[in-house]
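Peer 1: for reference, the sequence and a predicted model appear below.
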Amino acid sequence: MNDIMDSEVVQVVESSFVVPNEPTPREGLWLSPLDLILANRGHTPIVYLYSSSNVAAGDDFFDVARLKEAMAKALVAFYPLAGRLGVDDDGRAEITCNGEGALFVVAQADLTVDDLKDDFSPSPELRRLFVPRVETTSVILAIQVTFLKCGGVVLGTALHHVAIDAFSAIHFIQTWSAFSKHGDRATIELPWHDRTLLRARSPPTVHPDALTKFYPKATFSYPPGPIAIQAFVISKDQVASLKRLSGGTSTFCAMSALVWQCTCIARRLPSDSEARLNFPVSVRRRMSPPLPIRYFGNSTLRMGVTGAVRDIASEALASVAGRIKGAIDRMDDELVRSAIDYYETMAMAETDSRPVKGTLPETDLQIISWLGMPLYDADFGWGKPWVMLRAESIRGGLVYLMNDGPADDAGVRVLMCMEAANIKELERLLYEKL
């Protein structure tokens, strides 16, 4: 696919801003410490691929006017996405809710769904062609609708991570698509914008054991060699078998244990070195009282597990999965509050908002789970997407877990970004153990 995409040029047809269709609050939206710690992550690039093959011939597939009208309605409730990044009087980053709108780009590409679907995987080319390029400090939300010559569509989204996490991003996409599909008959759930629910305590108090349970800061460096990206698909039956091998634990714990163990072996790490695994965990239901279900903002905390490479590589999968589950089970209100207090002081000391570059050390792995999320709830009236994925992943040591399609019997897709020299051995080990 990359050869095809490199030789083709996407032509931008239109670029405009979509603003809320009703008056919205004009205010500075305070950002929590869990938001600020992600200020240098920039925009998250996501792409959805749609085929028109199952749509009636008379339908106006992905009508731009209809999409814009629906977005204008959705932005009334999700008004921070129509704002801009700013700074308050104390020098703290905020979202300036000014109603200036989200960027909406329309483009055409001399490509077909068949050209893309056989190898529709993250790459710099995929992002360059189908996701709007916007400055880190500019708009919060940018959209690109690219029409393919076969009638298919690629929808690319760029949402700034300082504003929202995956839960909130999906909430917006669900609302926008519902307005497009159902118009004013759409049933929506309003977002909760009060982020002071995640305000640090006064004075900040970090529990003595807290720093051993979460990872406040990741270390990045430039890799000694090339980085490769590959998706591994694990069938529903293979996942069920893996969960049995892992002691009947969750899909996340079982998959993470398998990937961590195989990565340690594939990387040929010294047996006495310390392997580190970290992963974001939602705090929404782990606080007392819990956050509102439709809390709109960042609400994850990065937990960590460590172990000697010899142990992680040789233990039964059930034991490795138990380590991961144990870390998740330890997350309670006190740990969350301690992390918020710590992040508040760290975020205030951090002045560089430029995106962090580089890869994680070979001893480290970060697994981000989108498992169980309604990733495919993006039916704008013309059916669900054929596939949804991150457009680009260039940081070695990062893994994404997601359901491999909208069907109930979909397996799990493991999107791995790691050293090119080790990725084939990882693939062999993964499937050997299934």
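Peer 2: Yes, it's here. Numbering: from 1, shown residues only.
Peer 1: just for the protein, where's the confidence low?
Peer 2: Low-confidence regions of the chain, defined by pLDDT under 70, span residues 1-8, 54-59, 118, 216-217, 347-357.
Peer 1: most centrally placed residue in it?
Peer 2: With distances taken as CA atoms, centre = their mean, A166 lies nearest the centre of the chain, 5.2 Å away.
Peer 1: now do the helices in the chain.
Peer 2: 2-7, 33-36, 64-77, 113-117, 124-130, 166-182, 236-245, 251-266, 309-314, 317-329, 333-349, 420-433 (DSSP state H).
Peer 1: which among those helices is found nearest to R390?
Peer 2: helix 124-130 (9.0 Å; CB to CB). C-beta: built from backbone N, CA, C; applies to glycine.
Peer 1: mind listing what's buried in the closest one?
Peer 2: E125, L126, R127, L129, F130 (16 or more other CB atoms under 10 Å).
Peer 1: let me know the closest of the residues you listed to A186.
Peer 2: F130 (26.3 Å).
Peer 1: check the gap between that closest one and L111 for me.
Peer 2: 10 Å (CB to CB, to the nearest Å).
Peer 1: count of residues packed around A327?
Peer 2: A327 is flanked by 20 other residues according to other CB atoms under 10 Å.
Peer 1: surely it touches M303?
Peer 2: Yes: between A327 and M303 there is a contact at 4.9 Å, judged by CB atoms under 8 Å.
Peer 1: contacting residues for the residue nearest to the centre of the chain?
Peer 2: Applying CB atoms under 8 Å, 6 or more residues apart in numbering to A166 gives the contacts W370, M373.
Peer 1: before we move on, the earlier item: ok, which of the helices of the chain comes nearest H43?
Peer 2: helix 124-130 (9.9 Å).
Peer 1: K424: neighbouring residues, count only.
Peer 2: 12.
Peer 1: thought C262 was touching Y431?
Peer 2: No: C262 is beyond contact range of Y431, at 9.6 Å (criterion: CB under 8 Å).
Peer 1: who has more neighbours out of the two?
Peer 2: Between C262 and Y431, C262 has the larger neighbour count (other CB under 10 Å), namely 21 against 12.
Peer 1: now do the domain split for this structure, please.
Peer 2: 2-198, 223-372+393-433 (automatic domain parsing).
Peer 1: so which of these gets nearest A210?
Peer 2: domain 223-372+393-433 (3.8 Å).
Peer 1: that closest one: end-to-end distance?
Peer 2: 28 Å (CA to CA, to the nearest Å).
Peer 1: again, but for stretch 326-341
Peer 2: Stretch 326-341: ends 23 Å apart by CA to CA.
Peer 1: can you give me the offset of that stretch from its chain's centre?
Peer 2: Mean C-alpha position of stretch 326-341 versus that of the full chain (CA atoms, centre = their mean, to the nearest Å) differs by 21 Å.
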